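Asks: structure for this input, please:
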Amino acid sequence: MAADFQIVTAGDSVLIVQFAERVDPAINARAIALAERLGAAAPAGVRDIVPTYRSVAVYFNPLRTNHDRLLSELQRLASTEPVSDGPLTEPIQVPVEYGGEFGPDLADVARFANSSEDEVVRLHTAKVYRVFMLGFVPGFAYMGEVDPRIAAPRRQTPRTAVPAGSVGIAGVQTGIYPSVIPGGWQLIGRTSIKPFDLSRSEASLFKPGDFVRFMAVDPT
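Replies: As a prediction, the model looks like this:
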């Protein structure tokens, strides 16, 4: 049977394993499982392993790595299905103050959904979201999938400074801005938790494969 993935090179020190090109929890689970298994195997010379929605980038030192052996190991590990695709632990709970000054785009998302702001909040808090990947800036977790009724597209004009803790929607994705940075997602609320904090033993609160649930809280 033909492999349902491909391995491509990106220069002389990166190999990328690519699965099907779509947002799919099962595909993402395979990418994360591959990254974890390769990390456990710890091939000589591998410097970093970065899983995404549907691929895994493997950075290695070409002077310390047996390229053919690494390629063979990737082919073997990528052919193995993950053991499970469901939450093995309780979802991470994220308290959110929705609307008002903290959610300036909540009304726009409600208009997109042809519903009330309360219904947008209900739909956003009703799901358990999967952390597909980290990227953009340290600690930014791309989560999904958002209920299609509230999957509003990015703003036409991004903001130059989005407050830290802002909870946004961009299509089927939702996420939390970990610091004050530019961004174009639809802002529907804000949380007091810190997705990225260098004072913690693990700076990033989220990691690929985690599950998250948002909870509406009253303004403090």
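Asks: buried residues in the helix or strand harbouring residue 38, which are they?
Replies: Per DSSP states H and E: residue 38 is located in helix 25-41. Of the residues in helix 25-41, 27, 28, 29, 30, 31, 32, 33, 34, 35, 36, 37, 38 count as buried by neighbour count, 16 or more other C-beta atoms under 10 Å. Placement of C-beta: from N, CA and C, glycine included.
Asks: so, low pLDDT: which residues of this protein?
Replies: Within the chain, the ranges that satisfy pLDDT under 70 run 1-2, 82-88, 220.
Asks: and the residue sitting furthest away from the middle of it, helix, strand or coil?
Replies: Distance from the centre of the chain peaks at residue 63, with 32.2 Å (C-alpha atoms, centre = their mean). Taken by DSSP: H, G, I helix; E, B strand; the rest coil, the conformation at residue 63 corresponds to coil.
Asks: ok, now which ones touch it?
Replies: With contact set as C-beta atoms under 8 Å, 6 or more residues apart in numbering, residue 63 has these partners: residue 45.
Asks: how about the one 3 residues further on?
Replies: Each residue near residue 66 by C-beta under 8 Å, 6+ apart is listed here: 44, 45.
Asks: now swap in residue 34 and tell me
Replies: Residue 34 sits next to 17, 51, 56, 74, 77, 78, 80 when contact means C-beta under 8 Å, 6+ apart.
Asks: state the pair within those that is farthest apart.
Replies: Checked with C-beta to C-beta, the contacts of residue 34 reach their widest spread between 51 and 80, with 14.8 Å between them.
Asks: higher neighbour count, these two?
Replies: Between residue 51 and residue 80, counted using other C-beta atoms under 10 Å, the more crowded position is residue 51 (25 against 11).
Asks: please parse this protein into its domains.
Replies: With automatic domain parsing as the criterion, the domains of the chain are listed as 6-78, 92-216.
Asks: which residues in the chain form strands?
Replies: Listed in chain order, the strands of the chain (DSSP state E) span 6-9, 14-18, 46-51, 55-60, 92-98, 129-134, 141-144, 159-162, 166-170, 173-176, 181-183, 186-190, 211-216.
Asks: redo those strands as a markdown table? Include distance to residue 152.
Replies: Below are the strands of the chain laid out as a markdown table (distance: least, C-beta to C-beta, whole Å):
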| stretch | distance to residue 152 |
| --- | --- |
| strand 6-9 | 33 |
| strand 14-18 | 29 |
| strand 46-51 | 27 |
| strand 55-60 | 27 |
| strand 92-98 | 14 |
| strand 129-134 | 16 |
| strand 141-144 | 14 |
| strand 159-162 | 15 |
| strand 166-170 | 6 |
| strand 173-176 | 11 |
| strand 181-183 | 14 |
| strand 186-190 | 5 |
| strand 211-216 | 16 |
